[in-house]
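K.L.:
With the sequence up front, the predicted model follows.
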Amino acid sequence: MQSILILADTVLGLYMWCIIIAAVMSWLSYGGVINTSNRFVYLVSDFLFKITEPALRPIRRIIPFIGGIDLSPIVLILIIFFLRNLIREYGGAVI
């Protein structure tokens, strides 16, 4: 059972980093710092969009954009922090 909890904690941690990288890439592409017509940049941003958008879409329906700022990644990261802490409490001091 401990192995499953450790795996879940690791997957949630990796997913959190994917959300952060996707948000930063969207800011950089909006600002013109990175070029999305570059094939590699496009593939990375498209992959990150496809894996993060299903989790962010329901949050965006509840929390609208505030002043042009999307707060859904912050809310999702807070949910992930809560789930990781819950896993660590349930799993004991091993994780």
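P.N.:
Received it, and whenever you're ready, just let me know what you need. Numbering: from 1, shown residues only.

K.L.:
From residue 48, how far off is the spatially most central residue of the chain?
P.N.:
What sits nearest the mean C-alpha location of the chain, by Cα atoms, centre = their mean, is residue 19, with 2.2 Å. Distance, residue 19 to residue 48, by Cβ to Cβ, to the nearest Å: 8 Å. (C-beta placed from N, C-alpha, C; glycine too.)

K.L.:
Any regions of this protein where pLDDT drops low?
P.N.:
92-95 (pLDDT under 70).

K.L.:
now do 80
P.N.:
91-95 (pLDDT under 80).

K.L.:
Name the single longest helix found in this protein.
P.N.:
helix 2-30 (DSSP state H).

K.L.:
buried ones in that helix?
P.N.:
5, 9, 15-16, 19, 22-23, 25-26 (16 or more other Cβ atoms under 10 Å).

K.L.:
Tell me the helices and strands packed up against it.
P.N.:
helix 39-62, helix 72-91 (3 or more Cβ pairs under 8 Å, 6 or more residues apart in numbering; DSSP states H and E).

K.L.:
got TSV for those helices, with mean neighbour count too?
P.N.:
Compiled in TSV, these are given as follows (neighbours: other Cβ atoms under 10 Å):
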stretch	mean neighbour count
helix 39-62	13
helix 72-91	15
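
K.L.:
Adding distance to residue 30 as columns, could you present those helices in a markdown table?
P.N.:
Shown next, in a markdown table, are these (distance: least, Cβ to Cβ, whole Å):
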| stretch | distance to residue 30 |
| --- | --- |
| helix 39-62 | 11 |
| helix 72-91 | 14 |
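
K.L.:
Go through those helices and name the closest to residue 33.
P.N.:
Evaluated with Cβ to Cβ, the helices and strands packed on helix 2-30 place helix 39-62 nearest to residue 33, the distance being 10.5 Å.

K.L.:
can you list contacts of the closest one?
P.N.:
Contacting residues not belonging to helix 39-62 are listed as 15, 18-19, 21-22, 25-26, 29, 34-36, 70, 72-73, 75-76 [Cβ atoms under 8 Å, 6 or more residues apart in numbering].

K.L.:
if you set the cut-off to 10 Å instead, what comes out?
P.N.:
Here helix 39-62 makes contact (Cβ atoms under 10 Å, 6 or more residues apart in numbering) with 15, 18-26, 28-29, 34-36, 38, 70-76, 79-80.
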